[in-house]
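Chemist: fold the following and give me the result.
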Amino acid sequence: MASVCLIASGLGNAAPIEARCTAPDTSFRAFLTAFGSTRSFQESRIVYPLVVRIGRPPSDAGTVEIWGQGAVRDLKSPAFRLTAERRRTGIEQRVTVATENYAEVFHFRPEADSYEIRYHFIKADGCWYLESYGDTSL
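Modeler: Next comes the predicted model:
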């Protein structure tokens, strides 16, 4: 089992966060498929505390929230919508940035700005993790 220590920045005091995965991901696409399949897999691949940006700068100053594992677990639906739920509600997914160690995924409703969320992922020791997301929905 791989164990990696990730550092959360932007929190005033940097704090080590232990994150684990059982085997390196074969690719970002394979990871993303698994990440969208089950809530338990998602929770194992989120860097806590999770940084959440809400708002649409520069027209909206927005807010930044820091969510611990309990706050993520208490959400009515997963922070990252599961594939079946996205299909049922008409939310599309697009990978907008994909490098060797960083990727961004955009969830949106076509022809509308009522649902727009960007997810930011990092790769450490061969495993992908959600490190933050931004909700710019109107």
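Chemist: leaving out sequence neighbours, find the closest residue to Trp67.
Modeler: Take Trp67 and drop its neighbours on the chain: the residue closest to it by C-beta to C-beta, 6 or more residues apart in numbering is Leu50, 4.5 Å away. Glycine gets a C-beta too; all of them are placed from N, C-alpha and C.
Chemist: would it be right to say that Gly70 lies in a helix?
Modeler: Yes: counting by DSSP: H, G, I helix; E, B strand; the rest coil, Gly70 is located in a helix.
Chemist: can you count the residues close to it?
Modeler: A count of nearby residues for Gly70, using other C-beta atoms under 10 Å, gives 8.
Chemist: show the pLDDT at it.
Modeler: The model reports Gly70 with a pLDDT of 90.
Chemist: check the one 5 residues further on too.
Modeler: The predicted local confidence for Leu75 comes out at a pLDDT of 84.
Chemist: that one - that's part of a strand, no?
Modeler: No: according to three-state DSSP, Leu75 belongs to no strand; its state is coil.
Chemist: in what helix or strand does the spatially most central residue of the chain lie?
Modeler: Taking C-alpha atoms, centre = their mean, the centroid of the chain lies closest to Leu130, which sits 3.7 Å from it. For Leu130, the host element (DSSP states H and E) is strand 127-135.
Chemist: pull the CA atoms of that strand into CSV?
Modeler: This file holds the C-alpha atoms of strand 127-135, laid out as CSV (Å, rounded to 0.1, in the frame of the first residue of the first chain):
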residue,chain,number,x,y,z
CYS,A,127,-2.2,7.9,-7.4
TRP,A,128,-4.7,10.6,-8.2
TYR,A,129,-6.4,12.8,-5.6
LEU,A,130,-9.1,15.5,-5.6
GLU,A,131,-7.4,18.5,-4.0
SER,A,132,-9.9,21.3,-4.5
TYR,A,133,-12.9,22.4,-6.5
GLY,A,134,-14.6,25.6,-7.6
ASP,A,135,-18.3,26.1,-7.9
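Chemist: right, I'll leave it there.
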